[in-house]
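Novice: next one to model:
(one chain, ligands or ions: 2)
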Amino acid sequence: MSERTLVLVKPDGVRRGLVGEVISRIERKGLTLVAMELRTLTRETAESHYEEHASKPFFGELVEFITGGPLVAMVVEGPRAIEAFRSLAGSTDPVSAAPGTIRGDFGLQIGENIVHGSDSTYSADREIKLFFPELG
Ligand code: DAT
Ligand code: MG
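Specialist: Ligands and ions are numbered 1, 2, ... in the order given. Got it, this is the predicted structure:
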């Protein structure tokens, strides 16, 4: 059974030229791209995307960062795509993320960890609607 997840190559990943690397890993895993767009988020979209973190001390910094340059948003599909991409991404803190994962191979700072992937079917539905309303 196939599912969909929202993946972002965050502004640090775009700035560092890692878009192709991330797409390549998604494709080599066997996942499929369903939609993709380069865009700079408004504060409103960023706050909505990260609404579950609104009360965290790093929220302001997170919104500044994610709106600070263009990002690449994609919808990725495949069997257990949510977990499959989270596994490719590695854990949130790139220093403890396993080598071989995107964050483990390319990151050093928790606030600049290159990619986002939805963490549940509920978040995936919500985030896909936010970025690609035409996909429902
Ligand atoms: P993930 O992106 O692995 O789902 P999350 O949902 O807990 O992680 O947090 C969202 C983003 O917020 C994360 O990718 C980077 C940032 N972040 C998380 N914890 C942080 C912290 N302690 N300090 C600064 N930024 C943090
Ligand atoms: Mg998260």
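Novice: residue closest to the middle of this structure?
Specialist: Per C-alpha atoms, centre = their mean, the C-alpha nearest to the average position across the chain is that of His116, at 2.0 Å.
Novice: backbone dihedrals for Glu112, please?
Specialist: phi -130, psi 70 (degrees, to the nearest 10).
Novice: show me the contacts for it.
Specialist: Lys10, Asp12, Phe65 (C-beta atoms under 8 Å, 6 or more residues apart in numbering). Using the backbone N, CA and C atoms, a C-beta is placed for each residue, glycine as well.
Novice: neighbours around the second one, how many?
Specialist: Pointing back at Asp12 there. For Asp12, the tally of surrounding residues (other C-beta atoms under 10 Å) stands at 21.
Novice: measure it to ligand 1 for me?
Specialist: Distance, Asp12 to ligand 1, by C-beta to the nearest ligand atom, to the nearest Å: 11 Å.
Novice: what's the helix or strand for that residue?
Specialist: If you go by DSSP states H and E, Asp12 is part of helix 11-15.
Novice: kindly report the same for Gly78.
Specialist: strand 71-79.
Novice: specify the local secondary structure of the closest residue to Ile82 other than its chain neighbours.
Specialist: Of all residues not flanking Ile82 in the chain, Thr5 sits nearest, at 4.5 Å (C-beta to C-beta, 6 or more residues apart in numbering). Of the three states, Thr5 takes strand under DSSP: H, G, I helix; E, B strand; the rest coil.
Novice: show me where this structure has its strands.
Specialist: Taking DSSP state E, the strands of the chain run over residues 2-9, 32-39, 71-79, 115-117.
Novice: how about the longest one, does it reach ligand 1?
Specialist: No: on the criterion C-beta under 6 Å from any ligand atom, strand 71-79 is out of touch with ligand 1, staying 12.5 Å away.
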